[in-house]
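Student: Return atomic coordinates for the entry below.
(one chain, ligands or ions: 2)
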Amino acid sequence: MHDVSAVILAAGEGTRMRSGTVKVLHPLLGRPLVHHSVDLCLRLGVKRVLVVVGAQAEAVRKALAGRPVEFVSQAEPQGTAHAVLQTEAALQGFAGAVLVLAGDSPLLTDETVRQLLDTHRAARAVATLLTARVADPTGYGRILRDRQGRLRRIVEEVEATAKEKRLSEINTSLYCFAGPFLFPALKAVKRSPVKGEFFLPEVVRVYVSQRRKVHTLLAPDPTEVLGINTRAELAQAASLLRHRVHERLMAAGVTLLDPAATYIDDTVTIGPDTVVYPGVVLQGATTIGAGCVLYPHCRIQDAHLDEGVTVLDGSVIVQSEIAEGCVIGPYAHLRPQSQLKAKAKVGNFCEVKKAVLGAGAKVPHLAYIGDATLGAKVNIGAGTITCNYDGFAKHETVIEDEVFVGSNTNLVAPIRVGRGAIIAAGSTITETVPPDAVAFGRAAQVTKEGRAAETRKKRQAMAPPKADDD
Ligand code: UD1
Ligand code: CA
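Tutor: Ligands and ions are numbered 1, 2, ... in the order given. Below is the predicted model:
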């Protein structure tokens, strides 16, 4: 699409959100609103994406860091026409089509934008607008047409008469302009007498007065054009977008036991025959393989799960890689850079951080494994801790294949336990354990025969128990 450039309007404050954060940075299914418009343009492969920034410009730029976009600044928010006008220098001499999108309309689909471009090309118009018929047009600009149905102008809510407010066809804020005709028309837009701003929809009036051809396309699905101005609309958009995600996943063979209670970002992929229980939250760049089971109330963020992984109730997995057949949880916490090889297990109330667990390794209960490498078939007893931090720096633990670590062991890093070694329960291990050795790191047991009975007798002599003591 080298004959198309896009302008995304993201300079407004978003006062109706009543927030310290600008509107376009409020998250929707894990990504700031503005990402949705930007990513759509990038997917379409337009030549350039220009983002108009103003309110909290630095934060908006930062949120878009890494995406191939250009920024244009609008020093004062003087309205949407003024915002587009700021791109004049950047688009000087550009003869292609200029797509204009609001940064607060995240439900638009690629197909609809493509359709608008096709319509625009076929109609050879100076501008083509996407309109929609909605049940409640409150807040939107209304489309005014003449008796023949030709577009006359757009009237904003603040300037509309009671009769105009009853019109149900609205402006969606998605426009396609013929480049050479855009900036001259913007300069002819007059300030709104009511709001003092330059409204972009006013270009329609300019074109119509010049008898130029402005075309419209009616959105096939009015839920696509929802503009987010309030938190209630943000929640409504989230619900609509989640519904779309759920439909896509179920069509691809994923079982969602209760879609309404499932929270999956639109960036997540899931393989067929995976079962997702209620309360599951899947976020960011997460990919889940086929045939997995995700039990209730798990949260998985930016992680990859291969096929056949089971995640039991209440587990959290962040930035980790889980190979096929692993079992995690219940109530396990896999922190960033954890890697589980095939059929490894991290069980009840365990925490794993920046650690590799070899194939078939088991950490079944109540353990902390951090900054560690565990070989294949290592077995870690309940209550075992890798003491990775000495108050100054983090240190590594290496446990080679088939090591057995007894319960309640402290492994004081840096430390290495050789292949096949056995660590006795309750040990504090501070020195290298060679392969196939047995290591004890605990005080020797002292047993005094009969001492308990003696002690009891002594106590009774001092103070006989009261009758109702228990
Ligand atoms: C706008 C349209 C309205 C349309 C509706 C669809 C105008 C005047 N009205 O209204 O016809 O029905 O969208 O959702 O365009 N922005 C800037 N600079 C500014 C002002 C706004 O960059 O000076 C950006 C905002 O950050 C936002 C977008 O433009 O992303 C739209 O602005 P907003 O104030 O939300 O317009 P609406 O009142 O919703
Ligand atoms: Ca809006």
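
Student: Let me see the ranges of the helices in this structure.
Tutor: 33-44, 57-63, 80-85, 110-123, 162-165, 179-187, 202-209, 231-251, 451-462 (DSSP state H).

Student: Tell me if I'm right that I423 and V417 touch.
Tutor: Yes. Between I423 and V417 there is a contact at 6.7 Å, judged by CB atoms under 8 Å. In short, each C-beta sits where N, CA and C put it, glycine included.

Student: Identify the contacts common to these two.
Tutor: Shared contacts of I423 and V417, defined by CB atoms under 8 Å, 6 or more residues apart in numbering, are found at 403, 405, 411, 429, 433, 439.

Student: and this protein, which residues reach ligand 1?
Tutor: 9-12, 24, 52, 54, 74, 77-80, 82-83, 102-105, 140-141, 154, 156, 170-173, 199-201, 227, 229 (CB under 6 Å from any ligand atom).

Student: related to what we said a few turns ago, could you dump the shared contacts of I423 and V417 into a markdown table and include pLDDT and distance to ligand 2?
Tutor: Output for those, formatted as a markdown table (pLDDT from 0 to 100; distance: CB to the ion, whole Å):
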| residue | pLDDT | distance to ligand 2 |
| --- | --- | --- |
| V403 | 98 | 60 |
| V405 | 98 | 58 |
| L411 | 98 | 56 |
| I429 | 98 | 62 |
| V433 | 98 | 65 |
| A439 | 98 | 66 |
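
Student: Please identify the most buried of the helices of the chain.
Tutor: Each of the helices of the chain was scored by mean neighbour count; the highest is helix 80-85, a mean of 25, by mean count of other CB atoms under 10 Å.

Student: what's that helix packed up against?
Tutor: Under the contact definition 3 or more CB pairs under 8 Å, 6 or more residues apart in numbering; DSSP states H and E, helix 80-85 sits against strand 4-10, helix 179-187.

Student: wait, V417 sits on L411?
Tutor: Yes. With contact defined as CB under 8 Å, V417 reaches L411; the gap is 7.3 Å.

Student: Spell out which residues are contacts of both of the two.
Tutor: Common neighbours of V417 and L411 (CB under 8 Å, 6+ apart) are 399, 405, 423, 429.

Student: Which of those fall in strands?
Tutor: 399, 405, 423, 429 (DSSP state E).

Student: how about a markdown table for those, with neighbour count added?
Tutor: As requested, these are arranged in a markdown table below (neighbours: other CB atoms under 10 Å):
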| residue | neighbour count |
| --- | --- |
| I399 | 31 |
| V405 | 27 |
| I423 | 26 |
| I429 | 24 |
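
Student: Quickly name whichever of the residues you listed is closest to ligand 1.
Tutor: In terms of CB to the nearest ligand atom, no member of those lies closer to ligand 1 than I399, at 53.4 Å.

Student: Tell me the residue of the stretch 251-400 of the chain that sits nearest ligand 2?
Tutor: With CB to the ion as the measure, D266 is the residue of the stretch 251-400 of the chain nearest to ligand 2, at 20.5 Å.

Student: start to end distance for stretch 306-325?
Tutor: Stretch 306-325 has an end-to-end distance of 8 Å (CA to CA, to the nearest Å).

Student: and that stretch, which residues are buried?
Tutor: If you call a residue buried by 16 or more other CB atoms under 10 Å, then stretch 306-325 has these buried ones: 306, 308-325.

Student: hmm, back to that, verify the contact between the residue of the stretch 251-400 of the chain closest to ligand 2 and L240 for me.
Tutor: No. Between D266 and L240 there is no contact under CB under 8 Å: 11.2 Å.

Student: R16: neighbour count?
Tutor: Number of residues near R16 (other CB atoms under 10 Å) recorded here: 15.

Student: residue contacts, K343?
Tutor: So K343 contacts 323-326, 359-360 (CB under 8 Å, 6+ apart).

Student: is it possible to export those to a markdown table including pLDDT?
Tutor: Formatted as a markdown table, the contacts of K343 follow (pLDDT from 0 to 100):
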| residue | pLDDT |
| --- | --- |
| A323 | 98 |
| E324 | 98 |
| G325 | 98 |
| C326 | 99 |
| A359 | 98 |
| G360 | 98 |
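
Student: Pick out the most distant pair among those residues.
Tutor: E324 and G360 (11.8 Å; CB to CB).

Student: what residues do those two have in common as contacts?
Tutor: If you check E324 and G360 against CB under 8 Å, 6+ apart, the residues they both contact are 342-343.

Student: touching ligand 2 at all, stretch 16-32?
Tutor: No. Using CB under 5 Å from the ion, stretch 16-32 stays clear of ligand 2, with a minimum separation of 8.0 Å.

Student: mean confidence for that stretch?
Tutor: The average pLDDT within stretch 16-32 is 97.

Student: dump the residue contacts of A232.
Tutor: By CB under 8 Å, 6+ apart, A232 has no neighbours at all.

Student: ugh, typo on my part, it should be T21
Tutor: By CB under 8 Å, 6+ apart, the neighbours of T21 are 56, 59.

Student: burial of Q92, as a residue count?
Tutor: 9.

Student: Distance of it relative to L144?
Tutor: Remark: distance between Q92 and L144 (CB to CB, to the nearest Å) = 33 Å.

Student: now do A160
Tutor: 9 Å.

Student: got any ranges where this structure has weak pLDDT?
Tutor: By pLDDT under 70, the low-scoring segments of the chain are 464-465, 467-470.

Student: Looks like L256 contacts L249 (just checking).
Tutor: Yes. If you go by CB under 8 Å, L256 and L249 touch, sitting 6.7 Å apart.

Student: give me every residue that touches A290.
Tutor: Contact partners of A290, counting by CB under 8 Å, 6+ apart, are 271-274, 307-308.

Student: In contact with the residue nearest to K354 when sequence neighbours are not counted, which residues are there?
Tutor: Nearest non-adjacent residue to K354, counting by CB to CB, 6 or more residues apart in numbering: Q337, 4.2 Å away. Counting by CB under 8 Å, 6+ apart, Q337 makes contact with 319-320, 353-355.

Student: Can you tell me how far Q337 is from V318?
Tutor: Here Q337 is placed at a distance of 9 Å from V318 (CB to CB).

Student: still on that earlier bit, right, and the helices and strands packed on helix 80-85 - which one's nearest L366?
Tutor: Closest to L366 of those, according to CB to CB: strand 4-10, at 47.9 Å.

Student: Whichever residue of the stretch 101-250 of the chain sits closest to ligand 2: neighbour count?
Tutor: Residue nearest to ligand 2 within the stretch 101-250 of the chain: G227 (3.6 Å; CB to the ion). When neighbours are counted by other CB under 10 Å, G227 registers 18.
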